[in-house]
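S.K.: The following block contains a protein sequence and its predicted model.
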Amino acid sequence: MKDNFKVCLDMLLSHEGGFVNHPKDPGGMTNLGVTKAVYDSHIGKSSSKAQMMALTYEDVAPIYKKNYWDKAKCDDLPSGLDWAVFDWGVNSGMSRPVKAMQKSIKATVDGGVGPQTLKAVNAAEPKEVIKSINKQRQKFYESLKTFETFGKGWTRRNKETLEQALKMLE
């Protein structure tokens, strides 16, 4: 929904936390949920560990807006559904939650949000779509080899996102 970006970004950053560089995380060096590769692409050059550790809200907000929120056309999604798609997209790539949403609304599953997807979204019951995305997200996490390492956190995050998304419908 238009005007939800800041609220959703604040919730997202509470999930993402600060600087990490876990050896089993394929994203590698990450701060505020932004990987070094994504940040380097954004600034057009290689960043140092010190730069990554010093990232701020102001540094990452435009990345989240352009690469995730706008890419999934979250301004055009119902409140709550925008959050469910955005949070999973940041965590696992935007194509995955968009395809889950399209599957839930019986639209063409192509990972892109165009006029047909938006028409189907507007005809759907947001609560049911959010619940379906939550189930698909959990199933995806449980299929990953790293679930043993990161599964508890992913499951908690998925549960919190569901609760927050449903609350946004009220």
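M.R.: Alright, I've got the coordinates. Remember, it's a predicted structure, so these values are computed and weren't measured experimentally. Numbering: from 1, shown residues only.

S.K.: so where's the chain shaky on pLDDT?
M.R.: Along the chain, the model assigns pLDDT under 70 to no residue.

S.K.: Okay, helices next: where are they in this structure?
M.R.: For the chain, helices defined by DSSP state H occupy the ranges 5-16, 36-43, 49-53, 57-64, 81-92, 95-104, 115-123, 126-143, 147-168.

S.K.: To residue 23, which of those helices lies closest?
M.R.: Closest approach to residue 23 among those is made by helix 147-168 (9.9 Å; CB to CB). For glycine as for every other residue, the C-beta is placed from the backbone atoms N, C-alpha and C.

S.K.: Just to check, residue 18 is in contact with residue 31?
M.R.: Yes. Judged on CB atoms under 8 Å, residue 18 makes contact with residue 31 at a distance of 6.3 Å.

S.K.: Between those two, which has more neighbouring residues?
M.R.: Shown here are residue 18 and residue 31; by other CB atoms under 10 Å, residue 31 has more neighbours (24 against 11).

S.K.: what is the more buried one paired to in the beta sheet?
M.R.: Using DSSP bridges, the beta-bridge partners of residue 31 come out as residue 34.

S.K.: what's the spacing between it and residue 63?
M.R.: Remark: distance between residue 31 and residue 63 (CB to CB, to the nearest Å) = 11 Å.

S.K.: next one: residue 89
M.R.: Applying CB to CB to residue 89 and residue 63 gives a distance of 13 Å.

S.K.: With residue 47 instead?
M.R.: 12 Å.

S.K.: Stretch 136-152: how far from the chain's middle?
M.R.: 15 Å (CA atoms, centre = their mean, to the nearest Å).

S.K.: residues near the closest residue to residue 124 other than its chain neighbours, how many?
M.R.: Leaving aside its chain neighbours, residue 124 sits nearest to residue 105 (4.5 Å; criterion: CB to CB, 6 or more residues apart in numbering). Applying other CB under 10 Å, we find 22 residues neighbouring residue 105.
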